[in-house]
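S.K.: Following is a predicted model, sequence given first.
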Amino acid sequence: MNNQLTFILKVFISSLVLSFIIKYGGDLLPINEHTPIALYSLISIILPSLILAIALGKRSLSNI
């Protein structure tokens, strides 16, 4: 029971931190009329999946 509560608390806290970074850190990005918004969009969409794929790949290779 304690393990499940710890996991839920970690997910909640990390979600809270990420939402604050998105809300207040967005103003720090140097976006103006000459910035390629499509590039930032692609990076923000693809990067989390890529990081997860690398982490899971390393984990599966270490179990062999």
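M.R.: Perfect, thanks for sending it.
S.K.: so where's this protein shaky on pLDDT?
M.R.: Judged by pLDDT under 70, the chain has its weakly predicted residues at 1, 30-33, 35, 64.
S.K.: how is it carved up into domains?
M.R.: Per automatic domain parsing, the structural domains of the chain span 1-30, 32-64.
S.K.: In the shortest one, which residues are buried?
M.R.: Think domain 1-30. Buried residues in domain 1-30, counting neighbours by 16 or more other C-beta atoms under 10 Å, are absent. C-beta coordinates here come from the backbone N, C-alpha and C atoms, glycine included.
S.K.: element containing residue 40?
M.R.: If you go by DSSP states H and E, residue 40 is part of helix 37-62.
S.K.: I'd like to know which elements that helix is packed against.
M.R.: Contacts defined by 3 or more C-beta pairs under 8 Å, 6 or more residues apart in numbering; DSSP states H and E place helix 37-62 against no helix or strand at all.
S.K.: start at 121 instead
M.R.: Sure thing, new numbering starts at 121, so read that last one as helix 157-182.
S.K.: what's the distance between that helix and the middle of its chain?
M.R.: 9 Å (C-alpha atoms, centre = their mean, to the nearest Å).
S.K.: now swap in stretch 136-148 and tell me
M.R.: Its chain's average C-alpha position is 12 Å from that of stretch 136-148, according to C-alpha atoms, centre = their mean.
S.K.: same deal with stretch 131-148?
M.R.: Per C-alpha atoms, centre = their mean, the centroid offset for stretch 131-148 relative to its chain is 10 Å.
S.K.: Just the C-alpha atoms of stretch 154-173, please, in CSV.
M.R.: Taking C-alpha atoms only, stretch 154-173 is exported to CSV below (Å, rounded to 0.1, in the frame of the first residue of the first chain):
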residue,chain,number,x,y,z
HIS,A,154,11.3,34.7,-37.2
THR,A,155,11.4,31.6,-35.0
PRO,A,156,10.5,28.3,-36.6
ILE,A,157,7.5,27.3,-34.4
ALA,A,158,7.1,24.0,-36.3
LEU,A,159,10.6,22.9,-35.2
TYR,A,160,9.9,23.6,-31.5
SER,A,161,6.6,21.8,-31.9
LEU,A,162,8.2,18.7,-33.4
ILE,A,163,11.0,18.7,-30.8
SER,A,164,8.5,18.9,-27.9
ILE,A,165,6.4,16.1,-29.4
ILE,A,166,9.1,13.7,-30.4
LEU,A,167,11.6,14.2,-27.6
PRO,A,168,9.6,12.5,-24.7
SER,A,169,8.9,9.5,-26.9
LEU,A,170,12.5,9.2,-27.9
ILE,A,171,13.7,9.5,-24.3
LEU,A,172,11.3,6.8,-23.2
ALA,A,173,12.3,4.5,-26.1
